[in-house]
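Visitor: No letters, just coordinates:
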């Protein structure tokens, strides 16, 4: 199509612009991933309490006793039952966050792909007639379907990976540099 586009013909800035327009689903996706990260930190805690305080019969951590205050006497008598309930609650919370994440991701993907299809179709309609004489209708249809399916795969996989990797990004510049350099050399060889 025009210069400044990627190899398939869809301008990169269009994808970024549509993702910016869909900031609410992106925000929900980010919040659910953040919730899942916090849950993953919380998951081992009930097991630690069960092993330390129930099985090994060690005294409870002072912070836990202070936090629960007057409730500690009742909780300490039924500590195993309470921790099993906490583990079930954490698992349900994680399942709920995963469900919301999947719904938000599906909605985001469908909206982005739909908007890009409309923009691409509008662009195709604005092309001069000479373009349609040069390029066959099969190639145009192929570009529309392959571009949008590639974008759908990018949004589905890339969004979640981007958010999950954001916390690791500051600690991994050497890895990113190595990948970038190897990709550059690979592209230069071809």
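Guide: Structure received. Just so we're clear, the structure is a prediction, and the values are computed from it rather than from any experiment.

Visitor: Which other helices and strands does the longest helix along the chain contact?
Guide: In terms of residue count, the longest helix belonging to the chain (DSSP state H) is helix 79-126. Secondary-structure packing of helix 79-126 (3 or more C-beta pairs under 8 Å, 6 or more residues apart in numbering; DSSP states H and E): helix 12-21, helix 23-42, helix 44-49, helix 137-153, helix 159-166. Quick note: C-beta positions are derived from backbone N, CA and C, even for glycine.

Visitor: The first one - contacts with which helices or strands?
Guide: This means helix 12-21. Against helix 12-21 (3+ C-beta pairs under 8 Å, 6+ apart) you get helix 79-126.

Visitor: any idea which helix or strand comes after the helix it packs on?
Guide: Moving toward the C-terminus from helix 79-126, the next helix or strand (DSSP states H and E) is helix 129-134.

Visitor: got a list of contacts for that next one?
Guide: Helix 129-134 is contacted from outside by residue 140, using C-beta atoms under 8 Å, 6 or more residues apart in numbering.

Visitor: same check, this time on stretch 90-106
Guide: Stretch 90-106 is contacted from outside by 25, 28-29, 32-33, 35-36, 39-40, 42-43, 46, 156, 159-160, using C-beta under 8 Å, 6+ apart.
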